[in-house]
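Peer 1: Sharing a model prediction with you, sequence too.
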Amino acid sequence: MTQQWTRVALKGKAQIIPTICPNCLGDANLKYRYGYKGIQGWLTRTTYYQTFSYCDQCFPQVKSALGLRHWRFFAGVMTFIFWIPLLLVCADRARNPQTGLATGLRADLAVALSVVLALISGCLLYQAARVIKHRRNPRRPGQKVWGLAAFYTGGTHLGFNNAYAVYKAARPEWIAALVRANPEQVEPAVYLSHVGAPQPAPAGRPFGPG
Ligand SMILES: [Zn+2]
């Protein structure tokens with residue numbers, strides 16, 4: 001999901017978020033606040049929240065994608081619940097019908113098999129929810145991705161360096177709009193590379209040391 005996404009680090013914590021849709025670049029008038037928890041978020045136990053603006057056509061998918069996150073958690077809980085009866089069935093099958101006992105190896109295999117079957121069940125449950133949600137709000141032409149198309153991913157250096165705010169987006173055009181909206185939060189070279197035009201001079205102090 002993240003391979004072709006564009007990312008940028010802006011200075012400070014307060015950014016102006018552009019009012020163009022990060023998914024289809026249409027006029028965005030619907031705001032939604034949501035979080036991001038990448039690998040670093042699991043390490044630092046932090047979710048990074050920001051409010052983004054989407055267009056009214058992409059907005060239902062945003063809500064659907066956030067609902068799918070709850071399904072991920074629910075599928076995890078269900079995996080555990082599925083596991084208990086599966087363990088009982090597998091343990092029962094591992095027993096020798098004559099003696100009613102399972103050898104150590106067969107018992108271990110029964111536990112391993114029940115774990116694998118429970119994980120498969122949980123994955124299937126999540127995939128079913130995902131397919132239903134994608135069918136309900138299918139990806140339209142002009143949309144870059146399904147669902148969420150921009151994230152605030154915390155600071156640099158695994159989120160620990162709070163002097164910067166890192167954003168990633170499915171569309172480089174949205175990152176360019178973000179940089180244009182916050183021109184003083186990037187170096188001139190970074191501005192040029194994303195926007196394709198030189199950084200405007202800071203307002204208020206045109207010359208001299210400031
Ligand atoms: Zn849109």
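Peer 2: Nice, I can see it. Remember, it's a predicted structure, so these values are computed and weren't measured experimentally.
Peer 1: domains for the protein, by residue range?
Peer 2: Following the assignment in automatic domain parsing, the chain carries domains at 6-58+151-195, 62-136.
Peer 1: Any residues of this structure in contact with the ion? List them.
Peer 2: Contact residues (CB under 5 Å from the ion) of the chain with the ion: 21, 23-24, 26, 55, 58. For the C-beta atoms, the positions are set from N, CA and C on the backbone; glycine is no exception.
Peer 1: where does Gln50 land in three-state SS?
Peer 2: strand (DSSP: H, G, I helix; E, B strand; the rest coil).
Peer 1: Could you check how far the spatially closest residue to it that is not a sequence neighbour is from the ion?
Peer 2: Closest residue to Gln50 apart from its sequence neighbours, by CB to CB, 6 or more residues apart in numbering: Tyr152 at 3.5 Å. Note on Tyr152: its distance to the ion, by CB to the ion, to the nearest Å, is 18 Å.
Peer 1: isn't Tyr152 right up against Ala165?
Peer 2: Yes - if you go by CB atoms under 8 Å, Tyr152 and Ala165 touch, sitting 6.4 Å apart.
Peer 1: Between the two, which has more neighbouring residues?
Peer 2: A count of neighbours by other CB atoms under 10 Å puts Ala165 above the other of Tyr152 and Ala165, at 23 against 20.
Peer 1: Now for the one residue sitting closest to the centre of the chain: which residues touch it?
Peer 2: The residue lying closest to the centre of the chain (CA atoms, centre = their mean) is Tyr36, at 5.5 Å. Taking CB atoms under 8 Å, 6 or more residues apart in numbering, we find Tyr36 in contact with 47-50, 151-154.
Peer 1: Pretty sure Cys90 sits in a helix.
Peer 2: Yes - counting by three-state DSSP, Cys90 is found in a helix.
Peer 1: Isn't it up against Ala118?
Peer 2: No - if you go by CB under 8 Å, Cys90 and Ala118 don't touch, sitting 10.0 Å apart.
Peer 1: for the residue nearest to the centre of the chain, phi and psi?
Peer 2: phi -130, psi 130 (degrees, to the nearest 10).
Peer 1: quick one, phi psi at the residue nearest to Gln50?
Peer 2: phi -100, psi 120.
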